[in-house]
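# quick one: sequence plus predicted model below, questions after.
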Amino acid sequence: MTPPSSLALSPMGLELSSELEIRNLGKTFSSLLQVLEAVVAVVATLGELVATMTAPPTDVQPRVYPRSLFSHLRTFTWSLRNTLRHRDVTYLEHHNVTSLGQALAALGKTPGTTWADVTAALSAWQESMLRLGEHWYMLVWEAEEILGAWEDKATAQARDLRDRAAGRGTAGDNPVAAAQQPPEALAKEEEASSTVAEHDAQVAAATKAREQAEGATSQAEVATRWGEQAEVARRLLWRLGATCGKARDLPIELSHHLGNIKATLERTREASPDVPEDFVAAVAEAERLWGASAHLTRRHLLGALGDIHRLLVSQPGGPSGPGGPGVHAVAERCQKAIEDILRLLWRVTASGS
């Protein structure tokens, strides 16, 4: 499968509402804060998957994950890191870029500020959302590719383990089947033995057969446990792709509302040179949401991704390895990020009411 060259996220292709009620725009933006939970969920799911994969192997839980899966997830982690840092997305990231809110506030108050400046700021934000949406789309594609490769590997490995456990011949030439013969048959053979050496050889053969029978049972148990672990990884990989798809809602929703803002600005420009203050406040609300995304990334998620990367390259037993503080740190960082979202959601909802 090859990724598409671009994502059709252009605000020009989105439906614009015919009537935009400025007084409700802030409340509309407040609902977008819930999308941030999906962004955190991507990191949390990746952390859960890596913690599962890097659990120390035991006799009961052998290590089953191939190196290729670790390599793919390291690449995915870096792609996710670049997306969360808004790599190639410049709006509100550089001090020399005028934001839409600043342009609106300066209109009519700062000499030289024109509607062209407002339009340029709005276009810059729309372009940034388009690029960010494309980054998230590529993450969905990467997660699906990893899932497909893992399903192929798991199917082949399960078939190999089943063949090893089952392919041991018949009772005539198979020591496992011979071990299952009734004791009476062995007793008759022992009575027919003419020497102690022959008797000892038969006992040794029976002992070896029983050991191999136990080995076959153990092999079947390993196959069962491997299948269970493979299914856990498959479900987490599927969830990883699904949460990446949900996280795309942030740039998609913002693009939709920026289209509404653009339509309203055009009507306002035709009717009056002045911009209503409540509309300026609504735009500022959207920018605060965008800033909240950057806040969560800097304060919580980049650190969690650093912990995840160390887990993927560390040996079991080390301070950053499985069972160490790194596993718990990822979960704690994501939980704190969720708590930050809840506080932000409460504040924005209260300010919009």
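Cool, got the structure.
# check which helix or strand residue 111 maps to.
In this structure, residue 111 is located outside every helix and strand according to DSSP states H and E.
# state the distance from it to residue 117.
Residue 111 sits 12 Å away from residue 117, going by CB to CB, to the nearest Å. (C-beta placed from N, C-alpha, C; glycine too.)
# do residue 257 as well
Distance, residue 257 to residue 117, by CB to CB: 20 Å.
# repeat that for residue 343.
For residue 343, the distance to residue 117 equals 34 Å [CB to CB].
# with neighbour numbers in mind, choose between the two.
Neighbour count, other CB atoms under 10 Å: between residue 343 and residue 117, residue 117 has more, with 18 against 9.
# hmm, the more buried one is touching residue 103, no?
Yes. Residue 117 is within contact range of residue 103, at 4.9 Å (criterion: CB atoms under 8 Å).
# shared neighbours of those two, anything?
Here residue 117 and residue 103 share no contacting residue, scored by CB atoms under 8 Å, 6 or more residues apart in numbering.
# excluding sequence neighbours, find me the nearest residue to residue 250.
Distances taken as CB to CB, 6 or more residues apart in numbering place residue 35 nearest to residue 250, at 4.6 Å, with adjacent residues excluded.
# correction: the previous question concerned residue 53.
Leaving aside its chain neighbours, residue 53 sits nearest to residue 65 (4.7 Å; criterion: CB to CB, 6+ apart).
# ok, that neighbour to residue 234 distance?
Distance from residue 65 to residue 234, by CB to CB: 12 Å.
# more neighbours, those two?
residue 65 (21 against 14).
# return the residues in contact with that one.
Contacts for residue 65 (CB under 8 Å, 6+ apart) come out as 53, 229, 233.
# secondary structure class for it?
The three-state assignment at residue 65 reads coil, by DSSP: H, G, I helix; E, B strand; the rest coil.
# helices along this protein, start to end?
Secondary structure of the chain (DSSP state H): helices at 25-32, 35-53, 67-84, 100-106, 115-166, 175-179, 183-192, 196-247, 249-271, 277-296, 302-313, 325-352.
# can you redo those as CSV with mean pLDDT?
Below are the helices of the chain laid out as CSV (pLDDT from 0 to 100):
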stretch, mean pLDDT
helix 25-32, 52
helix 35-53, 90
helix 67-84, 93
helix 100-106, 79
helix 115-166, 86
helix 175-179, 41
helix 183-192, 52
helix 196-247, 71
helix 249-271, 78
helix 277-296, 76
helix 302-313, 91
helix 325-352, 72
